[in-house]
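Undergrad: just coords:
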């Protein structure tokens with residue numbers, strides 16, 4: 001029996017009713033409220049194959065930006081599928097060859113490096129903001145305020161407003 005793989009599709013813009021109707025003729029899919037993200041369960045031998053099959057089936061039907069596997073693979077990785085132009089593929093192959101890497105390994109390392117850099121920048125930004133708050137407040141006041149905010153109910157990963 002061939003396994004099934006959950007795939008999340010992020011669109012470049014909200015899908016129209018007719019685009020969704022055409023896409024649903026090819027694969028059953030679920031949409032979020034603003035029609036910018038879709039979830040599909042695709043039968044395939046591997047998560048990577050599921051991404052390729054869906055790209056082939058839906059690329060002309062929908063304004064696809066990125067597709068990702070919804071669950072980690074056996075190595076604990078979420079797979080990413082992004083359509084790139086021939087010129088970009090050529091650049092990736094050239095840079096990968098110069099480093100003695102496969103294009104997939106080069107791109108994987110580049111994405112991982114970019115995500116790590118982004119996380120460091122966010123942490124640095126948060127640290128700077130906290131240090132700014134410490135100029136006008138004591139550490140105890142900040143901890144009390146943080147405890148108050150963190151104890152409130154959350155919606156969509158962000159603190160609720162009172």
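TA: Arrived safely. Nothing here was measured: the structure is a model prediction, and the numbers come from that model.
Undergrad: Helices of this structure, residue ranges please.
TA: Listed in chain order, the helices of the chain (DSSP state H) span 17-26, 47-58, 86-98, 103-134, 139-151.
Undergrad: what stretches of the chain score poorly on pLDDT?
TA: Under the criterion pLDDT under 70, the flagged ranges of the chain are 155-162.
Undergrad: try 80
TA: 1-2, 73-74, 154-162 (pLDDT under 80).
Undergrad: At the geometric centre of it, which residue sits there?
TA: residue 68 (6.5 Å; Cα atoms, centre = their mean).
Undergrad: That residue and residue 6 touch, don't they?
TA: No: assessed by Cβ atoms under 8 Å, residue 68 is found out of contact with residue 6, at 9.8 Å. C-beta: built from backbone N, CA, C; applies to glycine.
Undergrad: what sits against the residue nearest to residue 22 when sequence neighbours are not counted?
TA: Leaving aside its chain neighbours, residue 22 sits nearest to residue 61 (5.1 Å; criterion: Cβ to Cβ, 6 or more residues apart in numbering). With contact taken as Cβ atoms under 8 Å, 6 or more residues apart in numbering, residue 61 is in contact with 19, 22-23, 26.
Undergrad: And residue 61, how far from residue 6?
TA: 19 Å (Cβ to Cβ, to the nearest Å).
Undergrad: give me the beta-bridge partners of the residue nearest to the centre of the chain?
TA: Residue 68 forms beta bridges with residue 8, residue 80, as assigned by DSSP bridges.
Undergrad: re earlier: just among the contacts of residue 61, which is most surrounded?
TA: Highest neighbour count within the contacts of residue 61: residue 23, with 23 neighbours (other Cβ atoms under 10 Å).
Undergrad: what about residue 25, how many residues close to it?
TA: 9.
Undergrad: Closest to residue 42 out of the contacts of residue 61?
TA: residue 26 (10.7 Å; Cβ to Cβ).
Undergrad: what sits against the closest residue to residue 92 other than its chain neighbours?
TA: Nearest residue to residue 92, sequence neighbours excluded (Cβ to Cβ, 6+ apart): residue 103, at 5.0 Å. Residues in contact with residue 103 (Cβ under 8 Å, 6+ apart) are 89, 92-93, 96.
Undergrad: Nearest to residue 79, out of those residues: which one, please.
TA: Of the contacts of residue 103, the one sitting nearest to residue 79 (Cβ to Cβ) turns out to be residue 92, at 16.7 Å.
Undergrad: show me the contacts for that closest one.
TA: 84, 103, 106-107.
Undergrad: Many thanks, have a good one.
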